[in-house]
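[1] when you get a sec, could you give me coordinates for this:
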Amino acid sequence: MAALAVPFGLLHAFLLAEIGIGLTDLLFVFEMAWTGNLAWARRPWFIAALIWWGWLLVCSTPLWFGSAGWAVSFLQAFVIIRFILFTAALQNWVLTTAAARRAAWAMLALSCLWVGVESWQQYLTGANIFGDRRWMDGALTGPFWKPRAGALYGHLLFVALLPVCCALLARPGRLRKLAGEALVILGVVTSVLIGQRMGTAFVLLGDACTFVLIPRLRRVAAAAIIAAGIVLLATPIISPPTHAKLVVETGRNIGHFSLSPYGQLMVRAVTMGLNSPWHGWGYNGFRAFCPQQRFGTGFPALGIAPTQLGEGACNLHPHNFYLQALTDAGFPGLFLFVFLNLAWLLVLSRGLWRDPEPMRAGIFIGGLTFIWPIASTDAFPTLYMPGWLFFILGLGFALADVAAQPPDRSCSGVIR
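    Residues are numbered from 1 along each chain as shown. Got it, this is the predicted structure:
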């Protein structure tokens with residue numbers, strides 16, 4: 001129950017999520033120690049995670065590298081182990097039965113539904129259930145008071161959607177098939193109306209993956225893209241704030257990327273990485289050291305002007321997992337982080353080409369949208385958004401462990 005309460009906590013009560021993760025970790029370690037079961041600790045992804053985490057700890061140790069670490073940084077890096085253990089606990093202990101996996105999927109699906117419904121309520125009535133209105137930039141906030149809905153919806157949509165859609169399409173009756181196709185189109189269109197760039201990009205990436213992975217859904221996946229394009233073209237009339245955010249501002253940022261806040265962050269982070277290539281600046285080193293003048297030089301040889309603090313060159317983190325890995329732990333840390341993400345994707349994708357079971361395909365898409373390198377992200381790993389990743393990984397790894405069962409090519413399976 002502690003583990004299954006984590007998605008609700010990630011939605012509206014971060015303390016509950018922390019308690020759920022902590023209790024799950026403690027009970028898992030106690031159970032494994034009591035039974036003497038250490039097989040879980042020899043899984044390749046777990047070993048890769050420990051190596052990455054260990055190097056990050058080394059780079060965050062103030063006594064070793066001086067300016068490369070600070071006391072709070074080391075403590076923050078140390079407690080990252082709770083996420084790694086939580087994923088292992090889900091895979092090897094909590095979600096080892098079909099009933100538990102169904103319950104975990106249901107929590108993710110309900111979370112996605114909640115975000116979608118509240119986004120539509122805010123769009124149609126002007127406010128969500130809590131009375132919160134659109135964010136100042138025009139984005140719908142869904143059930144939150146600030147713009148968290150877009151990215152979360154993009155990560156969860158295909159996890160929630162594919163099993164239900166495939167189940168409807170596999171049943172007899174034209175009405176059920178129409179309902180399944182309408183769900184996909186509505187889900188993709190909703191992301192456009194929410195009006196957050198990364199959330200929309202994640203949904204489009206997920207739709208493309210659906211087209212590739214599940215042949216039976218190719219027609220509806222293509223229809224969803226067309227519908228999203230039509231809605232985007234209509235946003236000047238049906239949702240002017242969405243048009244201003246997704247079209248006008250996006251075009252401006254892409255046209256002058258190095259001068260945009262995202263470009264300023266990237267240039268500053270790369271400069272920091274080049275100034276300490278072997279061990280970076282410790283966990284959250286970007287937050288601590290970014291304002292220093294020596295990191296604002298830009299790259300004149302490449303025509304990239306010096307960065308400016310007033311233009312958003314510094315923030316709490318560089319808004320990209322891979323840039324953060326570089327600034328936190330240098331190029332070795334970046335290499336280990338890339339290797340870890342590939343190890344995660346390898347487990348999630350095991351057997352998908354042979355048996356594109358909809359739940360596993362949705363989980364793979366959910367994991368891929370988090371791991372995709374060209375993205376603006378939160379800090380890694382934190383509860384705020386990456387907390388969802390570890391829950392998704394735990395469920396995906398548990399499903400991969402039972403993927404050797406006879407394949408279901410009818411597109412009708414939900415969860416094994």
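[2] so where's the stretch 51-200 of the chain shaky on pLDDT?
    For the stretch 51-200 of the chain, residues meeting the criterion pLDDT under 70 lie at 63-70.
[3] so where do the helices sit in it?
    Secondary structure of the stretch 51-200 of the chain, counting by DSSP state H, counting those that start in this stretch: helices at 62-65, 71-78, 81-89, 98-125, 149-170, 174-194, 197-213.
[4] in terms of secondary structure, what does the fifth one contact?
    Going back to what we said before, that points to helix 149-170. Using 3 or more Cβ pairs under 8 Å, 6 or more residues apart in numbering; DSSP states H and E as the contact definition, the elements that helix 149-170 packs against are helix 98-125, helix 174-194, helix 197-213, helix 358-371, helix 386-401. C-beta: built from backbone N, CA, C; applies to glycine.
[5] next, the angle from the last one to helix 358-371.
    Using axes from the mean of the first three to the mean of the last three Cα atoms, to 10 degrees, the inter-axis angle of helix 386-401 relative to helix 358-371 is 140 degrees.
[6] what helices or strands is helix 386-401 leaning on?
    If you count contacts as 3+ Cβ pairs under 8 Å, 6+ apart, helix 386-401 packs onto helix 6-12, helix 81-89, helix 98-125, helix 149-170, helix 321-349, helix 358-371.
[7] just put these in a markdown table and tack on distance to Gly310 and mean neighbour count.
    What follows is these, written out as a markdown table (distance: least, Cβ to Cβ, whole Å; neighbours: other Cβ atoms under 10 Å):
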| stretch | distance to Gly310 | mean neighbour count |
| --- | --- | --- |
| helix 6-12 | 34 | 20 |
| helix 81-89 | 35 | 22 |
| helix 98-125 | 32 | 18 |
| helix 149-170 | 26 | 25 |
| helix 321-349 | 20 | 21 |
| helix 358-371 | 31 | 26 |
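[8] will you turn these into JSON lines that also has distance to Met32?
    Converted to JSON lines, those look like this (distance: least, Cβ to Cβ, whole Å):
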{"stretch": "helix 6-12", "distance to Met32": "20"}
{"stretch": "helix 81-89", "distance to Met32": "9"}
{"stretch": "helix 98-125", "distance to Met32": "17"}
{"stretch": "helix 149-170", "distance to Met32": "28"}
{"stretch": "helix 321-349", "distance to Met32": "20"}
{"stretch": "helix 358-371", "distance to Met32": "24"}
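[9] for these, which one sits closest to Phe74?
    Ranking the helices and strands packed on helix 386-401 by their distance to Phe74 (criterion: Cβ to Cβ) puts helix 321-349 first, at 11.7 Å.
[10] show me how far that closest one is from its chain's centre.
    Distance, stretch centre to chain centre, for helix 321-349: 14 Å (Cα atoms, centre = their mean, to the nearest Å).
[11] what's it packed up against?
    Counting by 3+ Cβ pairs under 8 Å, 6+ apart, helix 321-349 packs on helix 44-59, helix 261-275, helix 285-289, helix 358-371, helix 386-401.
[12] which residues touch the second one?
    Contacts of helix 261-275 with the rest of the structure, by Cβ atoms under 8 Å, 6 or more residues apart in numbering, involve 253, 256-258, 280-281, 285-286, 289-290, 294-299, 304, 307-308, 311-315, 318-320, 323-324, 326-327, 330-331, 334, 376.
[13] now render the helices and strands packed on helix 149-170 as JSON lines, adding distance to Leu156.
    Output for the helices and strands packed on helix 149-170, formatted as JSON lines (distance: least, Cβ to Cβ, whole Å):
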{"stretch": "helix 98-125", "distance to Leu156": "4"}
{"stretch": "helix 174-194", "distance to Leu156": "10"}
{"stretch": "helix 197-213", "distance to Leu156": "10"}
{"stretch": "helix 358-371", "distance to Leu156": "6"}
{"stretch": "helix 386-401", "distance to Leu156": "7"}
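[14] ok, which of those helices comes nearest Arg350?
    Arg350 lies closest to helix 386-401 among the helices and strands packed on helix 149-170, at 5.1 Å (Cβ to Cβ).
[15] isn't Ala49 right up against Asn341?
    No - Ala49 is beyond contact range of Asn341, at 10.3 Å (criterion: Cβ atoms under 8 Å).
[16] for the residue positioned nearest the centre of the chain, which non-adjacent residue is spatially closest?
    The centroid of the chain falls nearest to Phe370 when counting by Cα atoms, centre = their mean (3.1 Å). In space, Phe370 comes closest to Leu389 once its chain neighbours are excluded; the distance is 4.4 Å by Cβ to Cβ, 6 or more residues apart in numbering.
[17] surely the one you found touches Leu368?
    No - if you go by Cβ under 8 Å, Leu389 and Leu368 don't touch, sitting 10.7 Å apart.
[18] about what we covered before: mind listing what the residue nearest to Phe370 touches?
    Contacts of Leu389 (Cβ under 8 Å, 6+ apart): His155, Gly367, Phe370, Pro381.
[19] give me the distance between the residue nearest to the centre of the chain and Met198.
    As defined by Cβ to Cβ, to the nearest Å, Phe370 lies at a distance of 11 Å from Met198.
[20] Ala222 too?
    Taking Cβ to Cβ, one finds Ala222 at 23 Å from Met198.
[21] of those two, which one has the most company?
    Remark: of Ala222 and Met198, Met198 carries more neighbours, 18 against 13, as counted by other Cβ atoms under 10 Å.
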